[in-house]
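S.K.: Provided below for reference: sequence and predicted model.
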Amino acid sequence: MHLNPIQLFDTESSTFTYILSAPGSPEAVIVDPVDRQLERDLRHLERLGLKLAYVLETHAHADHVTSAGELRDLTGAKAAVPSGCGIAPAEMQLNDGDVLTFGNGEMIEVIHTPGHTAGSMSYLWRGNVFTGDTLLIDGCGRTDFQSGSADALYDSVTRKLFALPDDVRVWPGHDYKGQSVSTVGWEKRHNARLANRSREEFIKLMGELNLPKPKLIDIAVPANQNLGLPHGG
């Protein structure tokens with residue numbers, strides 16, 4: 001059963017944040033929150049009468065600072081993060097196959113999808129998959145820093161995400177083209193970087209991108225490994 005998340009957008013970093021909730025319980029989960037959108041996100045929760053159970057990260061981001069630590073401290077939620085991302089202060093270190101539960105029996109399945117970073121995770125909930133930077137709409141995340149690997153990303157997408165049912169909705173971590181949601185089936189058939197492309201072709205393509213270094217990487221990654229809190233906080 002599909003139950004659409006609340007999708008919020010940070011224009012400066014082109015980052016999507018998601019709030020997941022379901023009938024029968026006020027408990028909610030937030031995925032990939034952004035520090036400068038803290039007040040916006042708190043207002044959404046208050047307006048909808050939701051109580052945050054988990055703050056969930058897909059990886060240690062390089063292009064923005066998370067508000068995970070502040071949200072945790074303000075709401076009493078637990079921070080849940082991929083175990084391979086070096087985010088030590090989080091209460092929960094997630095591994096492939098783990099299941100997070102919240103609300104009235106809601107379950108989020110944890111899928112390890114390395115490639116953009118070594119620890120990147122995707123999260124499956126009610127026919128929706130939150131893919132972070134692993135799989136974008138008609139694209140994918142870069143693989144040239146933070147223990148990235150085009151070889152690993154190819155496996156993560158083709159063997160794990162593309163193995164999900166075609167009608168599973170894909171909710172990415174970023175958008176740069178005015179798109180908001182896709183499906184596994186559409187991405188399998190049409191994704192510009194991955195559809196009908198061999199492993200060797202994909203690795204060659206990713207190796208030739210020559211993208212500029214993210215402007216905030218030297219600030220964002222250390223901050224995000226501390227849940228966005230000042231060190232010592």
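M.R.: Received the coordinates, thanks.

S.K.: report the central residue of the protein.
M.R.: What sits nearest the mean C-alpha location of the chain, by Cα atoms, centre = their mean, is Gly132, with 2.9 Å.

S.K.: where do the strands sit along the chain?
M.R.: 6-10, 15-21, 27-31, 51-56, 78-82, 92-94, 99-102, 106-112, 121-125, 128-132, 135-136, 139-140, 169-172, 182-183 (DSSP state E).

S.K.: would you mind finding the most buried of these?
M.R.: strand 135-136 (a mean of 28; mean count of other Cβ atoms under 10 Å). Backbone N, C-alpha and C define where each C-beta goes, glycine included.

S.K.: that one packs against which elements?
M.R.: Under the contact definition 3 or more Cβ pairs under 8 Å, 6 or more residues apart in numbering; DSSP states H and E, strand 135-136 sits against strand 169-172.

S.K.: show me where this structure has its helices.
M.R.: Taking DSSP state H as the test, the helices found in the chain are 38-47, 68-75, 150-155, 184-190, 199-207, 217-224.

S.K.: let's have the strands of the chain in JSON lines, adding mean pLDDT and distance to Gly207.
M.R.: Below are those laid out as JSON lines (pLDDT from 0 to 100; distance: least, Cβ to Cβ, whole Å):
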{"stretch": "strand 6-10", "mean pLDDT": "98", "distance to Gly207": "29"}
{"stretch": "strand 15-21", "mean pLDDT": "98", "distance to Gly207": "26"}
{"stretch": "strand 27-31", "mean pLDDT": "98", "distance to Gly207": "30"}
{"stretch": "strand 51-56", "mean pLDDT": "98", "distance to Gly207": "31"}
{"stretch": "strand 78-82", "mean pLDDT": "98", "distance to Gly207": "25"}
{"stretch": "strand 92-94", "mean pLDDT": "98", "distance to Gly207": "30"}
{"stretch": "strand 99-102", "mean pLDDT": "98", "distance to Gly207": "35"}
{"stretch": "strand 106-112", "mean pLDDT": "98", "distance to Gly207": "23"}
{"stretch": "strand 121-125", "mean pLDDT": "98", "distance to Gly207": "23"}
{"stretch": "strand 128-132", "mean pLDDT": "98", "distance to Gly207": "21"}
{"stretch": "strand 135-136", "mean pLDDT": "98", "distance to Gly207": "18"}
{"stretch": "strand 139-140", "mean pLDDT": "98", "distance to Gly207": "14"}
{"stretch": "strand 169-172", "mean pLDDT": "98", "distance to Gly207": "22"}
{"stretch": "strand 182-183", "mean pLDDT": "98", "distance to Gly207": "25"}
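
S.K.: closest one to Lys160 among the ones you listed?
M.R.: Across these, Lys160 has its closest neighbour in strand 106-112 (5.7 Å, Cβ to Cβ).

S.K.: list the strands paired with that closest one, with their directions.
M.R.: strand 99-102 (antiparallel), strand 121-125 (antiparallel) (DSSP bridges).

S.K.: of all these, which lies closest to Gln7?
M.R.: Closest of the strands paired with strand 106-112 to Gln7 is strand 121-125, at 13.4 Å (criterion: Cβ to Cβ).
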